[in-house]
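Novice: what's the 3D shape of this:
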Amino acid sequence: MRRVILYTRVSTDEQADRGYSLRDQEARLRAYCDRERLTVAAHYQDDHSAKTFERPAWTKLLAHVEADPASVDAVLVVKWDRFSRDATGALSMIRRLEALGVGVQAVEQPIDRAVPEQLMMLAIYVAAPEVENRRRSLATKAGMRRAMLEGRWVNVPPKGYVRGRDALDRYLIVPCPEQAPLVTEAFRLAADTDLPADVIRRQLVERGLRCSKSQFMLLLKKKLYAGVIEVPAWQSDPAREVEGVHEPLTDLTTFTRVQARFAPTSKKGRYRALVEELPLRGHLRCPQTGSVLLGSASTSRHGYRVWYYHGRGKGAWRMKADQVHVAFRAYLDRLRPSHSVLALARVMCEEALRGDERAQQRLLERARSEASKAEATLLRADEAYVEGRIDQAAYERLRAKWQPTLTAARVALADAQTSHTGLAERLDFAVELLRDPGRVWEAAGVEARHALVGSTWPSGLVIDGTDCRTLGDNAVSAVLGLETPKNSDAHLENEAGVLGGSPGRTRTYNPAVNSRMLYH
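Specialist: Next comes the predicted model:
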């Protein structure tokens, strides 16, 4: 009597109607053992792929054999594809078991190892499942690629979509009622505001979006949300972009604007994270060495954080951020230009803004012209292709040439329409910034404060104690550095006359400043 271990296996995609059920395999093996009068020492079964031997039950079987090789004579399987679907791995495992004195046999595809010519049959038996796997994989990939070329997303639905079916009961991704509006809002905020990506993500997470920081950046880069499926290159067929049949969650123009905003930059121009508690970081110079000051926080012995501006290294100059901000605000409050300076500034700003409006209008007209030309060209290409006047290769070349032009023109058109602020609003803001920079500073967010200091004092500031001074010849400081007492007649004239445009009329200015206004 010989002692054997039975091994049965089925993968999740193999159904019982193909003769691969675990019960059927076990019945065949036990019937064989009864006929051959073999003793079954153990039975292991796997529900796992046979591409590798990293299977739970097989790992236990191997440990059983290696622990006591003398207790087993052979491992029995129904067919060789139940043993493995990798020819190289199968032959290696057979040799490993035979080194322990344990053979491997398929009861329906028996091999007599005593006959040398039978090794050729063994090679065929173990290679055939791998050939079948590869052929099935090729067929699956070809089918998936064909579906993607028809505009169907065949992989796992991305965030914001769920699995669905079309009218012909074919697989189709459809918007998720809860998550899709949040994804749409993510693209809108990323395109139309200057908020950092993680700030947008945190706002949407609070509203129910389930997305990590790394997932959010990948989400913003996925063209699928704009209704375009990117089909990768395969064999000799190049990569393509096709229009999807699913419902997009954003338009292509908005998507392109988001990509332009978050495009990778060089290391030199890399974005520096802004910290709300340190709005002057990067603009302050050390009063001792003149080097740019850093900023960080330390935890006090009472457990709360204290923020500092400081130099590099041990013993470098440092000062509490709160004290620096008080000194800087006091400096801003001293910048009180006279009525005549503000009146002149208003005229100059109005002239500059009107010139900017004319330039903006020219850009708008040019973008409209380019978009119209590209749309007409693509329409003619569509008509020619449908009527058979051009072949598919020529049609794809035309679309590859003109579709990016159309997208770029639409982006320029959207930017020109959405980024433009009314002349009166921009003029009021400019004058308010000159008249009372301290008030604007208090109302601004961290990005707006950073932009305000960087554009007004590009050479940097030095603050030591309560003293604040600028570096180099600063034109803005030269104009604004004339301190005007709070109760002076000139100041009262500013309140009543300059902001309103005429004496006796007062205009109320809303100090809720956003960074986009400052950048413009």
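
Novice: report all helices and strands that the helix or strand hosting residue 343 contacts.
Specialist: Residue 343 is part of helix 339-386 when elements are defined by DSSP states H and E. Judged by 3 or more Cβ pairs under 8 Å, 6 or more residues apart in numbering; DSSP states H and E, helix 339-386 is in contact with helix 392-418, helix 423-435, helix 475-480. Any C-beta I mention is one placed from the backbone N, CA and C, and that applies to glycine too.

Novice: cutoff 7 Å now
Specialist: Helices and strands touching helix 339-386, by 3 or more Cβ pairs under 7 Å, 6 or more residues apart in numbering; DSSP states H and E, are helix 392-418, helix 423-435.

Novice: and the ones you listed: which comes nearest residue 459?
Specialist: helix 423-435 (19.2 Å; Cβ to Cβ).

Novice: the helix or strand following the closest one - contacts with which helices or strands?
Specialist: Next helix or strand after helix 423-435 toward the C-terminus (DSSP H and E): helix 437-443. In this structure, helix 437-443 packs against helix 321-334, with contacts taken as 3+ Cβ pairs under 7 Å, 6+ apart.

Novice: in the helix it packs on, what's buried?
Specialist: Using 16 or more other Cβ atoms under 10 Å as the test for burial, helix 321-334 gives 321, 324-325, 327-328, 331-332.

Novice: swap in stretch 386-395?
Specialist: Here stretch 386-395 shows 390, 395 as buried, counting by 16+ other Cβ under 10 Å.

Novice: got the end-to-end distance for it?
Specialist: 10 Å (Cα to Cα, to the nearest Å).

Novice: touching that stretch from outside, list them.
Specialist: 381, 384-385 (Cβ atoms under 7 Å, 6 or more residues apart in numbering).

Novice: residue contacts, residue 217?
Specialist: Applying Cβ under 7 Å, 6+ apart, the residues contacting residue 217 are residue 197.

Novice: next SSE downstream of whichever strand or helix holds it?
Specialist: Following DSSP H and E, one finds residue 217 within helix 213-221. Following helix 213-221 in sequence order, the next helix or strand is strand 228-231 (DSSP H and E).

Novice: one step back: can I get the buried residues of helix 321-334 in JSON lines with distance to residue 138?
Specialist: Output for the buried residues of helix 321-334, formatted as JSON lines (distance: Cβ to Cβ, whole Å):
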{"residue": "321", "distance to residue 138": "63"}
{"residue": "324", "distance to residue 138": "66"}
{"residue": "325", "distance to residue 138": "66"}
{"residue": "327", "distance to residue 138": "72"}
{"residue": "328", "distance to residue 138": "68"}
{"residue": "331", "distance to residue 138": "72"}
{"residue": "332", "distance to residue 138": "70"}
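
Novice: on that earlier part again, give me the buried subset of the contacts of stretch 386-395.
Specialist: By neighbour count, with 16+ other Cβ under 10 Å, the contacts of stretch 386-395 hold 381, 385 as buried.

Novice: buried set for the helix or strand residue 128 falls within?
Specialist: Assigned by DSSP H and E, residue 128 belongs to helix 118-149. Neighbour-count burial for helix 118-149, counted by 16+ other Cβ under 10 Å, picks out 122, 125-130, 133, 145, 147-148.

Novice: mind listing what's buried along the helix holding residue 217?
Specialist: 216, 219-220.

Novice: where does the stretch 201-350 of the chain have low pLDDT?
Specialist: For the stretch 201-350 of the chain, the stretches with pLDDT under 70 are 264-273.

Novice: switch the cut-off to 80
Specialist: For the stretch 201-350 of the chain, the stretches with pLDDT under 80 are 235-237, 263-274, 300-303, 314-315, 335-350.

Novice: picking up where we left off before, alpha carbons only: can I get the helix holding residue 217 in PDB?
Specialist: Taking Å, rounded to 0.1, in the frame of the first residue of the first chain, the C-alpha atoms of helix 213-221 are listed here in PDB:
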ATOM      1  CA  LYS A 213      -4.400  63.300  -0.400                       C
ATOM      2  CA  SER A 214      -2.600  61.200  -3.000                       C
ATOM      3  CA  GLN A 215      -5.800  59.800  -4.500                       C
ATOM      4  CA  PHE A 216      -7.100  63.400  -4.900                       C
ATOM      5  CA  MET A 217      -4.200  64.500  -7.100                       C
ATOM      6  CA  LEU A 218      -4.600  61.400  -9.200                       C
ATOM      7  CA  LEU A 219      -8.300  62.200  -9.500                       C
ATOM      8  CA  LEU A 220      -7.600  65.700 -10.900                       C
ATOM      9  CA  LYS A 221      -5.300  64.200 -13.500                       C
END
